[in-house]
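Colleague: sharing a model that was predicted from the sequence below.
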There are 2 protein chains.
Amino acid sequence: MVDFPFALRSAATDVERELGRLLPKSDELEAPLYEAMRYAVLGGGKRLRPFLVLAVSDLFNVAREQSLRVAAAVELVHTYSLVHDDLPCMDDDDLRRGRETVHVKYDEATAVLVGDALLTLAFEVLADERTTADPKTRADLIRALARAAGGHGMVGGQMLDIMAEELAPDEGAVVRLQRLKTGEMIAFSAESGAILAHAGTSARHSLRMYAHDLGLAFQITDDLLDVDGEAAEVGKTVGKDAVAGKATFVALLGEDAARKRAGMLASQAKAHLEPFGQSADSLRALCDFVITRRN
Amino acid sequence: MVDFPFALRSAATDVERELGRLLPKSDELEAPLYEAMRYAVLGGGKRLRPFLVLAVSDLFNVAREQSLRVAAAVELVHTYSLVHDDLPCMDDDDLRRGRETVHVKYDEATAVLVGDALLTLAFEVLADERTTADPKTRADLIRALARAAGGHGMVGGQMLDIMAEELAPDEGAVVRLQRLKTGEMIAFSAESGAILAHAGTSARHSLRMYAHDLGLAFQITDDLLDVDGEAAEVGKTVGKDAVAGKATFVALLGEDAARKRAGMLASQAKAHLEPFGQSADSLRALCDFVITRRN
């Protein structure tokens, strides 16, 4: 049995410490930028994506000092996307992880620059030989992260999100939006441990399928929390999707069917872990957590 | 004798073609993002930084298909910085390269995402084995670019720029602002050809010194154009620094002394090219161009 809440908290603590080490500190004139970067990144959060990086890396016995750097890079990219997504010209959110968003705490210009600097730092971290001595593996990680995060991945998904009112509210569009917006980065999180370990194509394929189903289950649950969650519990503004007329799974399928779909996807995700036996138990527990979480 | 205007135009044409190949195209729902990325990048511009990448690479006989990819990556980063810098919450500019800025042509959210996607694409391009078969060189390029572009480089400089009114208007602050904001990326442009070619430390040191002086000369000229240029000629709004009370070289030294300083820096930059003999003539011509340009 995996004590999942403990494992998640423990991973989050390790990742937080690593992020604290990687984020710049300085007495120079530009120090206010670094302070705002730290505010954005070190504000808690579940650290689900880093957990995924670490748990998959553990499957292959990757050294923790390596997987922690990749986990931190993933969280830097995730945080940058939240900071930009929260901007007034995007989702215009004041609340994130239960605290003021970066542009509220500082100002909009600082929030733009914080996001830019965090994204850039993620690539700097991966390119560093401390991530792994093998430069081919570093280049592979960087290419995979850039694809997952860029125009064909997360940023493309954000574009679909701001176009959401213009999109046909059909399942194809909603699935594509969610695959790009959250799915590709979740897939990278799962695959990166396998890249670090030079795992075979069959293992990588299983992990990709797992991440695909997990990502959709995660997003459907996010949509459900936007409908029935409490802001204080969720840690961000809720009820915004409906107001914005966004084509979500909940809008498309209704709450009950969406909840069932998330459960089905979680089971399906676990089925892809069969080749890994018991050592993948924490990845299984993550599936249950993702669909039952309240924030 | 180098026909510099011809050499610059010719390099710009090659880089434009390369950028056209590297920018994403698609019929997918997110195509509007790609269209806006193309608008931002393919709108002309002098392409000085890519020229620098190509000219230094030529010193070491780097294959053109490699240096063009690095030149394109540099221009992607430069363009992303312009798109974000032009945002209403930053410099609030409507005009860039003689055309509407991205947030005016499209909207602010699109401009944020265009910048994010361009920055990410730059790293994807460098991580690709087509840039160079040697993965160590790719990782070195990526690390150097990330350092030049991130919080310790260009983004840090942008932060100083938005804080400019709070900064002490002394030469130390102005030099630091300009070194970070434009100098580091110009230095990377000069060094990247040497990285591609595995040039020795002495050559790299000379190029770094050259780029340092060139970058300052470039920035002082930029400040001068903001004071005495015509918007139609410069291609962007002028007179904004004084309105914003920004600590520029011109504000600090006065126009005449600033002009003299730029000339002195250009001579100094050329002196660093001595070890390269005649093959560096286009890099010398670049110095003259940088301080005599009208846009």
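Modeller: Good, I have the coordinates. Numbering: from 1, shown residues only, chains lettered A, B, ... in the order given.
Colleague: now do the contacts for the residue lying closest to A:Lys136 once chain neighbours are set aside.
Modeller: Nearest in space to A:Lys136, with sequence neighbours left out and distances taken as Cβ to Cβ, 6 or more residues apart in numbering or on different chains, is B:Pro135 at 4.0 Å. Where C-beta positions appear, they are placed from N, C-alpha and C, glycine not excepted. B:Pro135 is in contact with A:134-136, A:138-139, B:129, counting by Cβ atoms under 8 Å, 6 or more residues apart in numbering or on different chains.
Colleague: of these, which is the nearest to B:Arg143?
Modeller: Taking Cβ to Cβ as the measure, B:Arg143 lies nearest A:Arg138 of those, at 9.0 Å.
Colleague: neighbours around the closest one, how many?
Modeller: Using other Cβ atoms under 10 Å in any protein chain shown, A:Arg138 has 26 other residues around it.
Colleague: what does the one 5 residues further on give?
Modeller: By other Cβ under 10 Å, 21 other residues sit near A:Arg143.
Colleague: repeat that for the one 5 residues further on.
Modeller: By the other Cβ under 10 Å criterion, the neighbourhood of A:Ala148 contains 23 residues.
Colleague: which SSE is A:Ser267 in?
Modeller: Using DSSP states H and E, the element containing A:Ser267 is helix A:255-271.
Colleague: give me the helices and strands touching the next helix or strand after that helix, please.
Modeller: With elements assigned by DSSP H and E, the helix or strand that comes after helix A:255-271 is helix A:281-292. With contacts taken as 3 or more Cβ pairs under 8 Å, 6 or more residues apart in numbering or on different chains; DSSP states H and E, helix A:281-292 sits against helix A:4-22, helix A:48-59, helix A:201-228, helix A:255-271.
Colleague: all helices of the stretch 101-250 of chain A, in order?
Modeller: Using DSSP state H, counting those that start in this stretch, the helices of the stretch 101-250 of chain A run over A:102-105, A:108-127, A:135-149, A:154-162, A:171-178, A:184-196, A:201-228, A:231-234, A:240-243, A:249-253.
Colleague: how many other residues sit next to the nearest residue to A:Arg143 once chain neighbours are set aside?
Modeller: Closest residue in space to A:Arg143, ignoring its immediate chain neighbours: B:Ala127 at 3.9 Å, by Cβ to Cβ, 6+ apart. Neighbour count for B:Ala127, taken as other Cβ under 10 Å: 27.
Colleague: need the residue closest to the centroid of chain A.
Modeller: A:Arg49 (4.6 Å; Cα atoms, centre = their mean).
Colleague: next, the contact list for the residue lying closest to it once chain neighbours are set aside, please.
Modeller: Excluding the flanking residues, the one nearest A:Arg49 by Cβ to Cβ, 6+ apart is A:Ser189, at 4.4 Å. By Cβ under 8 Å, 6+ apart, A:Ser189 lies in contact with A:49-50, A:52-53, A:56, A:74, A:211.
Colleague: ok, which of the helices and strands packed on helix A:281-292 comes nearest B:Lys260?
Modeller: Of the helices and strands packed on helix A:281-292, nearest to B:Lys260 by Cβ to Cβ is helix A:4-22, at 43.2 Å.
Colleague: how about residues contacting that closest one?
Modeller: A:38, A:41-42, A:45-48, A:50-51, A:54-55, A:64, A:68-69, A:71-72, A:75-76, A:121, A:125, A:282, A:285-286, A:288-289.
Colleague: what angle separates that helix from helix A:48-59?
Modeller: 100 degrees (axes from the mean of the first three to the mean of the last three Cα atoms, to 10 degrees).
Colleague: for the very next helix or strand once past helix A:4-22, buried residues please.
Modeller: With elements assigned by DSSP H and E, the helix or strand that comes after helix A:4-22 is helix A:31-41. For helix A:31-41, the neighbour count (16 or more other Cβ atoms under 10 Å in any protein chain shown) marks A:32-41 as buried.
Colleague: could you give the mean pLDDT of helix A:31-41?
Modeller: Averaged across helix A:31-41, the pLDDT comes to 97.
Colleague: for A:Ala269, give its distance to chain B.
Modeller: Look at A:Ala269 and chain B: by Cβ to the nearest Cβ, to the nearest Å, they are 25 Å apart.
Colleague: meant to ask about A:Ser267
Modeller: 29 Å.
Colleague: for that residue, grab the count of nearby residues.
Modeller: Neighbours around A:Ser267, by other Cβ under 10 Å: 13.
Colleague: ok, it - contacts?
Modeller: A:Cys287.
Colleague: so how far is B:Ala190 from A:Arg17?
Modeller: Using Cβ to Cβ, to the nearest Å, A:Arg17 is found at 37 Å from B:Ala190.
Colleague: neighbour count winner among these two?
Modeller: More crowded of A:Arg17 and B:Ala190, by other Cβ under 10 Å: B:Ala190, with 26 against 13.
Colleague: can you give me the pLDDT of the nearest residue in space to the more buried one that is not next to it in sequence?
Modeller: Leaving aside its chain neighbours, B:Ala190 sits nearest to B:Ala211 (3.7 Å; criterion: Cβ to Cβ, 6+ apart). B:Ala211 carries a pLDDT score of 97 in this model.
Colleague: same question, A:Pro24
Modeller: The pLDDT attached to A:Pro24 in the predicted structure is 96.
Colleague: go on, A:Ala111?
Modeller: pLDDT at A:Ala111 comes out at 98.
Colleague: and A:His198, by the same measure?
Modeller: pLDDT for A:His198: 96.
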